[in-house]
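*Asks:* got a sequence here, can you build the structure:
(2 chains)
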Amino acid sequence: MKNKIPYLFLLPGIVLLLFFLFLPLVSVLWPTIFPDGLSLSAYIAFFKDEYYMEILMRTMRIAVIATIVCAIMGVPTAYFISRCSKKWKGILIAVSIFPMLTNSVVRSFAWINILGKNGVINKVLLAMGLIKQPVGMLYTEFSVLMGTIYLFLPIMIMTLVGVMDNIDNDLMEAAESLGANKMRSFLKVVLPLSIPGVITGAVLVFTGALTAYTTPQLLGGNKSLVLSTFIYQRAMTLNDWTGAGVIAFVMIVITLVVMKVLNALATRLDRRGENHA
Amino acid sequence: MRRYKGLTIFSVIVFSFLIIPLVIIVVTAFGTEKTIAFPIKGFTFSWFQVALSSKSFKNAFFLSFKVAMIATLMALLIGIPAAYALSRYSLKGKKLLKSFFLSPTIVPGIVVGYSLFLFIVIKLKMPVFEGLLLGHFLVVLPYVIRVVGGALEQFDFSIEEVAWSLGCNKWLAFFKIVLPNISSGIISSFLLAFINSFNNIPVSMFLTGPGIVTLPNTLMSYVEYNYDPTVSAISVMLMLATIIIMFIVEKTLGISALAK
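*Replies:* Below is the predicted model:
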């Protein structure tokens, strides 16, 4: 009897997940592998098609660059937040969380206002006389990238603030008293200690950027398709359900692989840190 | 704190990058021109009137609210006992079970929506609303598991055992001892789940039907075909609601409750 209770508590969740997550997923993915008998032809066709590959590569490129830029912008900012006075720390954390809680339509819409033909950047450039015609920056890979960085930077910052809080200020003082300048002690002390946090943040940013729908739809449209917007187009506009299933599977596999690899890396780094301590 | 000039300048630039785009939206919401313009020429509240009197936006708001509320309550009802079982008992395959409960985070939202659409709406011929509800439930369940699970890690189960040994039955002990002690975890998981369901778009993309379009999805298709300050006005109202929630959370749980 005693051992039954936990399973009773877990059962409703297990049933719902099996019925409404795994079963539907299998019924989408199954026909892509077993059209009639085992066949990888749908996948071979996917990876041979230049157009599909272009979309896959664009999606990966955006996710990788967004992750790197978020890390570069996030590490110093998070360090700055963690060294602020309590009052400022609270304010800056609130400023970082606020965009996270704001709808992604609103956040993408913000970039339409900035990058559009009528947008802020074009107006400034026109007023300065640098350009004669408004430049089309929307619906490009660049606009999707900007929107994606904007979308995920707060997550990177918030992940890193927790890590930075644990870095002892004395370490920096020690480095400086031993003759390192501020930049050098930051690069040699803070940066290495924040790497596990960067990796945790990178998993969130990369998988988020890889699967984001709203931002690429609004800022990339049909001109700069990524995997998630491509699924929608395949399924809804073209009724190609096998094609949509193939893309779904590719997205899940990439997500899983990146998570596993980066988490394994983080664990290894953590262990190395323990050995030194 | 010792001063780092370069670091301060860098951080100011990053925070400007985070805030200025949203400030631009707020300003354009009050513009008098028919299309969005920044800076604005005249000042008006009329776009708020337009937004508030739009029937489709109003219906979409109530739908989103309803879906987010039901999905969140479902997730709490199912997630809290599961999180309790996962941290209270030493089960076989505990790690696997936990990742099973967190598995919706691995499946992209658009795929969750797509597979539910094919399975529930096309195959089982169930109404779209049920599919939408289930999709949102799946997406917010991991928040409950993670945040309530985190609160339970902090909870000292020997308190519960004391209650048992004093003759309290297990159910009463759970409701009287365990739940009150993890209440802040429950509240913050409620807020996170609600906000994330309310804001979610990809899951709902496929799960729409006549009269069943969530607020963000309505807003999204509006943005795709229109360029007037109505969207800015709605954005401002949503941001205002977010600020109010953040303020209340800061006064009660502390703002970091929303950063999980």
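
*Asks:* so which elements touch the worst-scoring helix or strand of chain B on mean pLDDT?
*Replies:* Across the helices and strands of chain B, the lowest-confidence element by mean pLDDT, DSSP states H and E is helix B:170-173, at a mean of 89. Using 3 or more CB pairs under 8 Å, 6 or more residues apart in numbering or on different chains; DSSP states H and E as the contact definition, the elements that helix B:170-173 packs against are helix B:157-165. Just so you know, the C-beta spots here come from the backbone N, C-alpha and C atoms, and that holds for glycine as well.

*Asks:* just checking, what packs against the helix it packs on?
*Replies:* With contacts taken as 3+ CB pairs under 8 Å, 6+ apart, helix B:157-165 sits against helix B:170-173.

*Asks:* helix or strand next in line after the helix it packs on, which one?
*Replies:* helix B:179-181 (DSSP states H and E).

*Asks:* list the buried residues in that following helix.
*Replies:* Neighbour counts over helix B:179-181 (16 or more other CB atoms under 10 Å in any protein chain shown) mark B:N181 as buried.

*Asks:* for stretch B:201-217, same thing?
*Replies:* Result for stretch B:201-217 [16+ other CB under 10 Å]: buried residues B:201-208, B:212-217.

*Asks:* JSON lines for the residues you listed, including pLDDT and secondary structure?
*Replies:* Shown next, in JSON lines, are the buried residues of stretch B:201-217 (pLDDT from 0 to 100; DSSP: H, G, I helix; E, B strand; the rest coil):
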{"residue": "B:I201", "pLDDT": "97", "secondary structure": "coil"}
{"residue": "B:P202", "pLDDT": "96", "secondary structure": "helix"}
{"residue": "B:V203", "pLDDT": "96", "secondary structure": "helix"}
{"residue": "B:S204", "pLDDT": "96", "secondary structure": "helix"}
{"residue": "B:M205", "pLDDT": "95", "secondary structure": "helix"}
{"residue": "B:F206", "pLDDT": "95", "secondary structure": "coil"}
{"residue": "B:L207", "pLDDT": "96", "secondary structure": "coil"}
{"residue": "B:T208", "pLDDT": "93", "secondary structure": "coil"}
{"residue": "B:I212", "pLDDT": "95", "secondary structure": "strand"}
{"residue": "B:V213", "pLDDT": "96", "secondary structure": "coil"}
{"residue": "B:T214", "pLDDT": "97", "secondary structure": "coil"}
{"residue": "B:L215", "pLDDT": "97", "secondary structure": "helix"}
{"residue": "B:P216", "pLDDT": "97", "secondary structure": "helix"}
{"residue": "B:N217", "pLDDT": "97", "secondary structure": "helix"}
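
*Asks:* chain A: which of those residues is nearest?
*Replies:* B:P202 (3.9 Å; CB to the nearest CB).

*Asks:* who's in contact with the spatially closest residue to that closest one that is not a sequence neighbour?
*Replies:* Distances taken as CB to CB, 6 or more residues apart in numbering or on different chains place B:G109 nearest to B:P202, at 3.3 Å, with adjacent residues excluded. For B:G109, the contact set (CB atoms under 8 Å, 6 or more residues apart in numbering or on different chains) comprises A:T211, A:Y213, B:V139, B:N200, B:I201, B:P202, B:V203.

*Asks:* picking up where we left off before, pull the residues that contact the least confident helix or strand of chain B.
*Replies:* Helix B:170-173 has contacts (CB under 8 Å, 6+ apart) with A:I5, B:E160, B:A163, B:W164.

*Asks:* go again with 7 Å.
*Replies:* Contacts to helix B:170-173, defined as CB atoms under 7 Å, 6 or more residues apart in numbering or on different chains, come from residues B:E160, B:A163, B:W164.

*Asks:* which of those residues count as buried?
*Replies:* B:E160, B:A163.

*Asks:* in CSV: the contacts of helix B:170-173, plus pLDDT.
*Replies:* Listed next are the contacts of helix B:170-173 as CSV, based on pLDDT from 0 to 100:
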residue, pLDDT
B:E160, 92
B:A163, 92
B:W164, 91
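
*Asks:* of the contacts of helix B:170-173, which is the nearest to B:I255?
*Replies:* B:E160 (29.9 Å; CB to CB).

*Asks:* and residue 219, what element?
*Replies:* Reading this off chain A. helix A:214-220.

*Asks:* sorry, should have said chain B
*Replies:* Using DSSP H and E, B:L219 falls in helix B:215-225.

*Asks:* report pLDDT for the most centrally placed residue in chain B.
*Replies:* With distances taken as CA atoms, centre = their mean, B:N196 lies nearest the centre of chain B, 1.8 Å away. Here, the pLDDT recorded for B:N196 equals 96.

*Asks:* and the nearest residue to it once chain neighbours are set aside, what pLDDT?
*Replies:* Excluding the flanking residues, the one nearest B:N196 by CB to CB, 6+ apart is B:V140, at 5.8 Å. With respect to pLDDT, B:V140 scores 97.

*Asks:* hey, where'd the helices end up in the stretch 1-150 of chain B?
*Replies:* Ranges of helices in the stretch 1-150 of chain B, per DSSP state H, counting those that start in this stretch, are B:5-28, B:46-53, B:55-88, B:94-101, B:109-116, B:128-154.

*Asks:* and the ones you listed, which is most packed in?
*Replies:* Burial of the helices of the stretch 1-150 of chain B is given as mean neighbour count (mean count of other CB atoms under 10 Å in any protein chain shown); helix B:109-116 ranks first at a mean of 28.

*Asks:* just give the number of residues close to residue 41.
*Replies:* No chain specified, so I'll use chain A. 11 (other CB atoms under 10 Å in any protein chain shown).

*Asks:* that's the other chain; I wanted chain B
*Replies:* For B:K41, using other CB under 10 Å, the count is 8.

*Asks:* how much space between B:L152 and B:K98?
*Replies:* 12 Å (CB to CB, to the nearest Å).

*Asks:* that older thread, what is the nearest of the contacts of B:G109 to A:R107?
*Replies:* Nearest to A:R107 among the contacts of B:G109, with distances taken as CB to CB, is B:I201, at 11.4 Å.

*Asks:* show me the contacts for the nearest residue to A:Q217 once chain neighbours are set aside.
*Replies:* With sequence-adjacent residues excluded and distances taken as CB to CB, 6+ apart, A:Q217 is closest to A:T229, at 5.1 Å. Residues near A:T229 by CB under 7 Å, 6+ apart: A:Y213, A:P216, A:Q217, A:G220.

*Asks:* what about the residue lying closest to A:L153 once chain neighbours are set aside, helix or strand, and which?
*Replies:* Leaving aside its chain neighbours, A:L153 sits nearest to A:C70 (5.0 Å; criterion: CB to CB, 6+ apart). Under the criterion of DSSP H and E, A:C70 resides in helix A:50-82.

*Asks:* again, but for A:A266
*Replies:* helix A:241-276.

*Asks:* close to chain A, is stretch B:31-49?
*Replies:* Yes: Stretch B:31-49 reaches chain A (CB under 7 Å from any CB of the partner chain) through B:T35, B:I36, B:F38.

*Asks:* what ranges do the helices span in the stretch 51-200 of chain A?
*Replies:* Shown for the stretch 51-200 of chain A, the helices assigned by DSSP H, counting those that start in this stretch span residues A:86-101, A:104-115, A:120-127, A:141-165, A:169-177, A:182-185, A:191-211.

*Asks:* what about dumping the CA coordinates of the third one to PDB?
*Replies:* It refers to helix A:120-127. Only the C-alpha atoms of helix A:120-127 are listed here, as PDB (Å, rounded to 0.1, in the frame of the first residue of the first chain):
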ATOM      1  CA  VAL A 120      13.100  54.800 -36.800                       C
ATOM      2  CA  ILE A 121      16.400  53.800 -38.500                       C
ATOM      3  CA  ASN A 122      15.200  54.700 -42.000                       C
ATOM      4  CA  LYS A 123      13.900  58.100 -40.700                       C
ATOM      5  CA  VAL A 124      17.200  58.900 -39.000                       C
ATOM      6  CA  LEU A 125      19.300  57.900 -42.100                       C
ATOM      7  CA  LEU A 126      17.000  59.900 -44.400                       C
ATOM      8  CA  ALA A 127      17.100  63.000 -42.200                       C
END
